[in-house]
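[1] model this:
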Amino acid sequence: MKHIAKIDVKGAFIQTEMEGPPVYVVCDKKLTKLIVDVLPGIKKYVTNEGTLYCRLLKALYGCVQASKLWYNKLTKFLHALGYEQSPTDPCIMRKIVDGNVYLLVIYVDDILVLANEEEMERIKQAFIDEFQWITMDVSDSHSYLGMHIMMKDGCVVIDMQNFIDKLLEEHGEELREFATPADKNIFVVDEKAKVLVEAERKLFHTAVAKLLYLTKRARPDIMTPISFLCTRVTKATEQDRIKLRRVLGFLKKTRNWTVHLKIGDILRILAYVDAAFAPHPDAKSHTGIALFIGEALVFAASRKQKCVTKSPTESELVALTDNIGFVELFAEFLGFITNTDVTIPIIYQDSTSVISLVKEGGGLTRTKHLRVRMELCKEALKEKRIEVIYMPTGKMRADGLTKALDGKPFLDFVTTVLGLFGISMT
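    This is a model prediction of the structure:
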């Protein structure tokens, strides 16, 4: 049976040797006096100004190269324990023993471990021998990077309610509650709206950045309005602040919602790709992708397209071809962490005209780059690297990542992306 452990290496950087060109720091008078009090022999090196110049022998926190030097030290150590890095994500490492796959997730000096008890003990002792100062917590419930991660009944639950509560305390005075995070005008920009003063703009920017962190980890249901507000942080207006406060009001009403990840019986990548045609003021379209392994949402994105398209079919073609490479990389990653031959990933599309173009060819493409996109998809289909299958708009799980929804369509969207069933907004 596998368990999850969290390892925290204390003083990771000061256990890492500084490499490369010499790096010097200057100690101010106050610090220099403290150093001399402890080490009187240093006094002869003090400058006339009462300061002290020191050469760093360890990767002091704050140095540009410190994180990379620590990463190199850590991965070299883990390689010696038999772990190998993922080609698609070098911060994920695996080890295979008698068909069992053990996994490590690295985030600076915080490491998540998925392994059985025997491997847990081996890793713990190896870390103690190498780094001395560590803490290791083996449990089915962990706090990690602002997330509360729990394993129960074959399901992984990610809860960021504490993060939301702190955010509401900072920005949520007298917030009105909303049943949805955005209305139909989410992409509308009023050029005559009052521009926020600099102090207000900075608060707006901070709130949006925190919401971006939240939506990428535990609340994909607010991703569409946050993706838009990210484009407004340098020129925020009163209109944008109203949109921000609606998102916060929605979070106030739904602060206890969590993500439930349960794969089900099918270990296969199912990618839902959708596009909204020309909703932005510059006439660009908007792409949404929801990527599932079985029934568990593992990735979501909502983003403005980089080129102007001339029709809904073109916008759907751009959305599809922009994400083919990512879906293939994710299939490679899934094969790495499961040590299996992954079934060809499926990409669901709700545009029959695009499916006809990429499967059967024909039609006229307006520009060379659109023709290249069409041929790219046809090649991937021919080589059986992906499948593209029609999905009716009513069942398109990425629909809420391209536009604001309400009523039953919004509840259906939330049910699928959060894995929550039986929810209501009453």
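[2] where in the stretch 301-426 of the chain is pLDDT low?
    362-367, 421-426 (pLDDT under 70).
[3] now the strands for it?
    Along the stretch 301-426 of the chain, counting by DSSP state E, counting those that start in this stretch, strands occupy 346-349, 387-390.
[4] now mean neighbour count and distance to residue 12 too, for those strands, in JSON lines please.
    All C-beta atoms are positioned from the backbone trio N, CA, C, and that covers glycine. Listed next are these as JSON lines, based on neighbours: other CB atoms under 10 Å; distance: least, CB to CB, whole Å:
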{"stretch": "strand 346-349", "mean neighbour count": "22", "distance to residue 12": "40"}
{"stretch": "strand 387-390", "mean neighbour count": "14", "distance to residue 12": "44"}
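[5] quick one: residue 270 and residue 297 touch, right?
    No. With the criterion set as CB atoms under 8 Å, residue 270 and residue 297 do not qualify as a contacting pair; they are 9.9 Å apart.
[6] which residues do these two both contact?
    Taking CB atoms under 8 Å, 6 or more residues apart in numbering as the contact criterion, the common neighbours of residue 270 and residue 297 are residue 291.
[7] domain assignment for the chain?
    3-155, 159-253, 263-418 (automatic domain parsing).
[8] give the contact list for the residue lying closest to residue 405 once chain neighbours are set aside.
    Leaving aside its sequence neighbours, residue 405 sits nearest to residue 413 (CB to CB, 6 or more residues apart in numbering; 5.7 Å). Applying CB under 8 Å, 6+ apart to residue 413 gives the contacts 221, 397, 399-400, 405.
[9] got it, and residue 338?
    Residue 338 makes contacts with 101, 267, as judged by CB under 8 Å, 6+ apart.
[10] look up how far residue 267 lies from it.
    Plainly put, residue 338 is 7 Å away from residue 267 if you go by CB to CB, to the nearest Å.
[11] likewise for residue 283?
    Summarising the geometry, the distance separating residue 283 from residue 267, computed by CB to CB, is 41 Å.
[12] ditto for residue 128
    Here residue 128 is placed at a distance of 35 Å from residue 267 (CB to CB).
[13] and for residue 259?
    For residue 259, the distance to residue 267 (CB to CB) stands at 19 Å.
[14] tell me the centre residue of the chain?
    Most central in the chain under CA atoms, centre = their mean is residue 216, positioned 4.5 Å from the mean C-alpha point.
[15] which ones are touching the nearest residue to residue 387 once chain neighbours are set aside?
    Of all residues not flanking residue 387 in the chain, residue 346 sits nearest, at 4.8 Å (CB to CB, 6+ apart). Neighbour list for residue 346: 268-271, 386-389 [criterion: CB under 8 Å, 6+ apart].
[16] nearest to residue 239 among the residues you listed?
    residue 271 (33.6 Å; CB to CB).
[17] surely residue 386 meets residue 327?
    Yes. Residue 386 sits in contact with residue 327 when judged by CB under 8 Å, with a separation of 6.3 Å.
[18] among the contacts of residue 413, who's most crowded?
    Ranked by neighbour count under the definition other CB atoms under 10 Å, the contacts of residue 413 are headed by residue 400 with 28 neighbours.
[19] and the strands of the stretch 301-426 of the chain as CSV, adding distance to residue 145?
    Formatted as CSV, the strands of the stretch 301-426 of the chain follow (distance: least, CB to CB, whole Å):
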stretch, distance to residue 145
strand 346-349, 30
strand 387-390, 34
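[20] select, out of those, the one closest to residue 334.
    Evaluated with CB to CB, the strands of the stretch 301-426 of the chain place strand 346-349 nearest to residue 334, the distance being 13.1 Å.
[21] what are the boundaries of the helices in the chain?
    With helices called from DSSP state H, the chain shows them at 29-38, 66-80, 117-131, 161-171, 198-215, 223-229, 238-253, 312-338, 352-360, 368-382, 407-418.
[22] ranking those helices by burial, who's on top?
    Using mean count of other CB atoms under 10 Å, the stretch among the helices of the chain with the largest mean neighbour count is helix 223-229, at a mean of 25.
[23] tell me which residues are up against that helix.
    Helix 223-229 is touched from outside by 181-182, 186-187, 208, 211-212, 215-216, 240, 243-244, 246-247, 288, 300-304, 400-404, with contacts defined as CB under 8 Å, 6+ apart.
[24] if you set the cut-off to 7 Å instead, what comes out?
    Contacting residues not belonging to helix 223-229 are listed as 181-182, 186-187, 208, 211-212, 215, 240, 243-244, 247, 300, 302-303, 400-401, 403-404 [CB atoms under 7 Å, 6 or more residues apart in numbering].
[25] next up, the contacts around residue 42.
    Contacts were defined as CB under 7 Å, 6+ apart; by that measure residue 42 touches 35-36, 52.
[26] about what we covered before: overlap in contacts of residue 386 and residue 327?
    Counting by CB under 7 Å, 6+ apart, the common neighbours of residue 386 and residue 327 are 345, 347.
[27] run through the stretch 51-200 of the chain and note the low-pLDDT ranges.
    Filtered on pLDDT under 70, the stretch 51-200 of the chain yields the residue ranges 172.
[28] how much space separates the residue sitting furthest away from the middle of the chain from residue 36?
    Of all residues in the chain, residue 44 sits farthest from the chain's C-alpha centroid, using CA atoms, centre = their mean; the distance is 51.7 Å. Between residue 44 and residue 36 the computed distance is 10 Å (CB to CB).
[29] and residue 307, by the same measure?
    Going from residue 307 to residue 36 by CB to CB gives 63 Å.
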